[in-house]
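**Q** just to be clear, the model below is a prediction. Sequence and coordinates:
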Amino acid sequence: MRFENVRYQAISDTPIDLYTKVTGNRRRATVYIFVSKGYENFITSNSHPIVASNVREFLTSLAQEVQEYKLENQISAQERVVRDARRNHERLVQRQNDLTRDLQRSETNLNNEQTKLDNLRNTRRR
């Protein structure tokens with residue numbers, strides 16, 4: 001990409017032309033920045049050491065920002081995983097409570113029916 005006649009204080013106090021190129025893939029990328037003082041008059045670290053140093057600092061800070069961005073994305077993704085796991089856990093706890101209640105009802109019903117059977121058997125023996 002080419003940006004002509006821009007004022008970017010982090011790199012230079014005077015208007016410059018920036019040429020950028022990014023190569024690589026999702027895992028690893030390389031960023032190239034070329035700076036021109038206009039009319040494709042590119043600077044070098046010998047011709048403009050301060051601007052060259054500023055570009056290096058900018059690229060270093062860019063790498064840090066990319067790492068921070070990546071970390072924020074990982075945090076967001078993990079928060080979604082935790083939220084989904086929490087919801088699933090809550091559903092399972094509710095299901096467990098429902099099953100426990102049903103089990104208690106079944107036990108009560110079984111005991112009642114067993115008592116009726118015992119009473120009927122006892123009545124028969126008399």
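**A** Great, that's in hand.
**Q** distance of the nearest residue to residue 43 once chain neighbours are set aside from residue 22?
**A** Excluding its sequence neighbours, the residue lying closest to residue 43 (C-beta to C-beta, 6 or more residues apart in numbering) is residue 35, at 5.0 Å. To be clear about C-beta, it is placed using only N, CA and C from the backbone, and glycine gets the same treatment. Distance, residue 35 to residue 22, by C-beta to C-beta, to the nearest Å: 16 Å.
**Q** do residue 69 as well
**A** Distance of residue 69 to residue 22, given as C-beta to C-beta: 15 Å.
**Q** same question for residue 62.
**A** Counting by C-beta to C-beta, the gap from residue 62 to residue 22 is 11 Å.
**Q** go on, residue 76?
**A** Remark: distance between residue 76 and residue 22 (C-beta to C-beta) = 23 Å.
**Q** quickly find the element holding the residue nearest to residue 43.
**A** Assessed by DSSP states H and E, residue 35 sits inside strand 29-36.
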